[in-house]
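A.B. asks: Quick one: sequence plus predicted model below, questions after.
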Amino acid sequence: MNKILLLYHTIYFLKLKQIYFRLFYALRTKWRKYRNYQYKISIQSDSNTLHLRRSIAPKILYKEGKFNFLNLEHVFSKGIDWNYGEYGKLWTYNLNYFEYLIQNDISKEEGERLIYDFIDKSLDIHDGRMPFPISLRGINWIKFLTKYAIKDQKIDDSLFAQYIILMDNIEYHILGNHLLENGFSLLYGAYYFKNDNFYKKAKAILEKELDEQVLEDGAHFELSPMYHQIMLLRILDSINLLQNNRWKNDTLLNKLKEKSEMMLGWLLSMTYRNGAIPLLNDSSYGIAPTTAELIEYAKKLHREPKSIVLNQSGYRKIENEAYECVIDIGNIGPDYIPGHAHSDTFSFELYVQEKPVIVDTGLSTYETNDRRMSERATSAHNTVEVNEEDQSRVWGGFRVAQRAKVIDINESDSSIAATHNGYKKSMGILHKREWEFASDMIIIRDSINGENTDKLISYLHFHPDIPVTIENDTIITPLIKISYYNIIELSLLEYEYAPEFNRRKVAQMIKAVIKQNSSMEIKIL
């Protein structure tokens with residue numbers, strides 16, 4: 001598919017609001033550059049003393065001058081460069097988020113020093129003055145200032161000026177979790193400064209977006225368990241803010257409570273018994289709070305998980321005493337913001353005895369490079385690839401053009417069958433996958449309906465701790481045995497498992513060249 005078609009099939013799914021604001025912000029930036037317009041970096045303000053329960057502290061991100069984000073460390077020997085870009089934009093963003101201010105061990109004096117350094121260099125900071133870093137930094141500064149009861153006019157005036165920039169650059173051109181982050185932060189800014197304009201904007205964003213972004217079964221609609229945990233933390237922090245600071249008395253708190261309980265229920269349903277989340281779509285360990293931490297924090301705020309049934313998210317979890325299996329029979333996340341989606345329809349993960357056996361390959365980078373492309377590709381997931389093409393056309397760092405749609409689902413207590421059309425337009429092919437679940441066995445059948453089926457590949461990716469051998473057409477591991485039927489060739493290869501950003505481990509994978517109708521029988525040992 002050439003670049004023009006990729007762009008067409010990508011832009012086609014955007015909302016008119018996104019297109020409008022992309023054009024509006026681009027033209028406004030050019031006009032302001034021509035007029036030499038600059039935002040103020042300090043605006044006189046009047047802050048309010050807040051009361052907050054302690055939230056979930058992050059892992060150690062900063063210590064003795066050393067910053068550590070995404071498993072990449074750096075020490076600034078000649079003063080902090082807030083534009084430091086050697087490790088990529090996401091590392092730069094993390095530097096500017098100031099999440100390290102809410103570590104358990106950071107001192108009042110060190111935190112103030114870091115904030116002052118940022119303020120003094122504000123005119124020369126670029127990425128850090130974008131709306132997304134402002135949103136996260138605003139919450140983290142307010143938490144820090146509240147923790148140590150700091151009343152500092154220079155800090156307050158800088159923070160207020162940053163919120164004015166955010167109000168002028170709400171991320172309507174992106175939407176999704178970015179817009180929610182804008183809303184959560186403006187809520188904190190509204191209470192900190194008792195500012196009605198911030199509050200009206202925050203309430204309008206949150207009430208609309210929470211209804212849209214939290215699905216019927218409680219999932220965050222971008223369908224990443226990691227982002228679900230992050231968004232749930234923001235909701236719990238907002239409940240913390242509103243319950244402990246009586247300023248506005250309206251329906252927003254009830255909305256936040258309702259959504260938190262739904263999201264807690266979905267997360268609890270999706271989390272494995274060992275506490276890990278499935279690494280579906282853009283998910284990685286070490287970024288978000290764990291499920292256990294979120295459940296404990298919610299209890300302190302008097303919130304409990306709601307009992308839910310997995311449905312609209314497209315995920316299903318089948319579990320018994322022997323195994324836990326999570327499967328994906330859903331569509332790519334919201335059509336207008338699929339940046340965190342992978343081409344993984346009908347992929348699955350399998351845990352046995354609370355140990356990961358068959359896994360998603362994970363996420364190691366957000367950089368626009370070959371690694372990012374390979375981690376989003378169909379071949380990086382436990383599903384079927386047809387003629388070396390992706391089911392959904394992932395491209396760039398965060399784009400998707402044509403995408404697979406699940407067009408038929410049939411479920412019972414012990415079986416699931418679904419069909420997707422990801423290859424229909426380009427090849428006239430439909431892929432149907434059926435799962436049958438027994439107490440110690442899973443049978444998976446694949447049916448590829450169509451004529452252009454020159455190369456059908458079924459992939460399985462094993463956790464690095466699982467040794468794998470092949471005997472005839474049978475896969476042998478210490479925890480499961482897999483027998484294939486109606487296949488052409490079976491290969492045992494290596495791949496790189498990525499459980500965290502910038503951390504990859506060599507593991508083994510199965511590449512099975514299959515016929516149009518094939519099956520695998522997974523026996524739990």
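C.D. replies: Sure, I can see it.

A.B. asks: which residue ranges form the helices in the stretch 101-250 of the chain?
C.D. replies: With DSSP state H, counting those that start in this stretch, the ranges of helices along the stretch 101-250 of the chain come out as 108-120, 131-147, 153-167, 176-193, 196-213, 225-244.

A.B. asks: likewise the stretch 251-400 of the chain?
C.D. replies: 252-270, 291-300, 370-376.

A.B. asks: quick one, which of these is packed in tightest?
C.D. replies: Highest mean neighbour count of these: helix 252-270, a mean of 21 (counted as mean count of other C-beta atoms under 10 Å). Quick note: C-beta positions are derived from backbone N, CA and C, even for glycine.

A.B. asks: nearest spatial neighbour of I327, skipping sequence neighbours?
C.D. replies: In space, and not counting its chain neighbours, I327 is closest to F348: 4.2 Å by C-beta to C-beta, 6 or more residues apart in numbering.

A.B. asks: Could I get the pLDDT score of the one you found?
C.D. replies: Here the pLDDT value assigned to F348 is 98.

A.B. asks: Turn the helices of the stretch 101-250 of the chain into a markdown table, columns for distance to R445, mean pLDDT and mean neighbour count.
C.D. replies: Below are the helices of the stretch 101-250 of the chain laid out as a markdown table (distance: least, C-beta to C-beta, whole Å; pLDDT from 0 to 100; neighbours: other C-beta atoms under 10 Å):
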| stretch | distance to R445 | mean pLDDT | mean neighbour count |
| --- | --- | --- | --- |
| helix 108-120 | 57 | 98 | 16 |
| helix 131-147 | 44 | 98 | 23 |
| helix 153-167 | 51 | 98 | 20 |
| helix 176-193 | 35 | 98 | 25 |
| helix 196-213 | 35 | 98 | 18 |
| helix 225-244 | 27 | 98 | 23 |
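
A.B. asks: follow-up on the earlier one: got CSV for the helices of the stretch 251-400 of the chain, with mean pLDDT and distance to H74 too?
C.D. replies: Below are the helices of the stretch 251-400 of the chain laid out as CSV (pLDDT from 0 to 100; distance: least, C-beta to C-beta, whole Å):
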stretch, mean pLDDT, distance to H74
helix 252-270, 98, 33
helix 291-300, 98, 27
helix 370-376, 96, 21
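
A.B. asks: how about the ones you listed, which one is nearest F437?
C.D. replies: Closest approach to F437 among the helices of the stretch 251-400 of the chain is made by helix 252-270 (16.4 Å; C-beta to C-beta).

A.B. asks: by how many degrees do that closest one and helix 196-213 diverge?
C.D. replies: Relative orientation of helix 252-270 versus helix 196-213 (axes from the mean of the first three to the mean of the last three C-alpha atoms, to 10 degrees): 40 degrees.

A.B. asks: sorry, back to before: for A507, which of the helices of the stretch 251-400 of the chain is the nearest?
C.D. replies: helix 370-376 (13.6 Å).

A.B. asks: Next one: the residue of the chain positioned farthest from its centre relative to Y62, how far apart?
C.D. replies: Farthest-out residue of the chain from its mean C-alpha position, per C-alpha atoms, centre = their mean: N472, at 39.5 Å. As judged by C-beta to C-beta, to the nearest Å, N472 and Y62 stand 54 Å apart.

A.B. asks: With A507 instead?
C.D. replies: Shown here: A507 relative to Y62, a distance of 32 Å by C-beta to C-beta.
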